[in-house]
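>>> Show me the folded form of this:
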Amino acid sequence: MMASIKRKVAVIGAGITLFRRRLKETGRELSFYATKMALEQAGITLDDVDAVVCGTAPDAFDGVHMKGEYLADGTGGHRRPFVRVYVGGGTGVFTPIAAWWHVASGHFDIVLAVAEEKMSSCFPHPQKAFTTIFDPIYTRPLGANLVWIFALEMQRY
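From the prediction side, this is the model:
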């Protein structure tokens, strides 16, 4: 039997940094800027936040291992429930959905949703990270990229 969710959920603030190549700032710093803007717009402080949902690309894109832990303080996730989520190609959409579920479930009243992806530090290009997901003998030498991957998926239709 499925239970219906009757709790209403609202977005009370938002913060965004400029979308461009940013070599000076770290992902942690960019997360902090966006978090600070969202809290200010909502008129709340981190003390009001019950939990944090952080959406970010797989570790290979930024070269940072255990990226959720790395971003926890910049996103306000220190000393409160914190979860990192990512979905291939849909992290920016899934992050607020995951935060919505946290509130709608009744477990939390205020959840901060922070999505961060800084692929400009991936050398030589973020596309190269995708070459690591294929067979190293047969497929990797072909130099697969996103267009190649999506073409394979669309061929199934």
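
>>> Skip the chain neighbours and tell me the closest residue to the residue most central in space within the chain.
Centroid-nearest residue in the chain: residue 55, 1.9 Å away (criterion: Cα atoms, centre = their mean). Nearest non-adjacent residue to residue 55, counting by Cβ to Cβ, 6 or more residues apart in numbering: residue 95, 3.0 Å away. Glycine gets a C-beta too; all of them are placed from N, C-alpha and C.

>>> tell me what the helix or strand encompassing the one you found is packed against?
Here residue 95, judged by DSSP states H and E, is contained in helix 91-104. Judged by 3 or more Cβ pairs under 8 Å, 6 or more residues apart in numbering; DSSP states H and E, the packing partners of helix 91-104 are strand 51-56, strand 82-85, strand 111-116.

>>> which residues sit against that helix?
Contact with helix 91-104 is made by 5, 7, 9, 11, 51, 53-57, 83, 85-87, 108-115, 117, as judged by Cβ atoms under 8 Å, 6 or more residues apart in numbering.

>>> chain center to stretch 34-53: distance?
Put simply, stretch 34-53 sits 16 Å off its chain's centre (Cα atoms, centre = their mean, to the nearest Å).

>>> where's residue 86 relative to residue 67, distance?
From residue 86 across to residue 67, the span is 9 Å (Cβ to Cβ, to the nearest Å).

>>> low pLDDT regions in the chain?
Where the chain drops to pLDDT under 70, the residues are 1-3, 22, 120-124, 126, 157.

>>> what angle do the top helix by length along it and strand 51-56 make?
Longest helix in the chain, counting residues (DSSP state H): helix 27-42. Helix 27-42 and strand 51-56 are oriented at 130 degrees to each other (axes from the mean of the first three to the mean of the last three Cα atoms, to 10 degrees).

>>> And helix 27-42, what does it pack against?
The contact analysis (3+ Cβ pairs under 8 Å, 6+ apart) places helix 27-42 against helix 67-71, strand 111-116.

>>> Nearest to residue 140, out of these?
Across the helices and strands packed on helix 27-42, residue 140 has its closest neighbour in helix 67-71 (23.5 Å, Cβ to Cβ).
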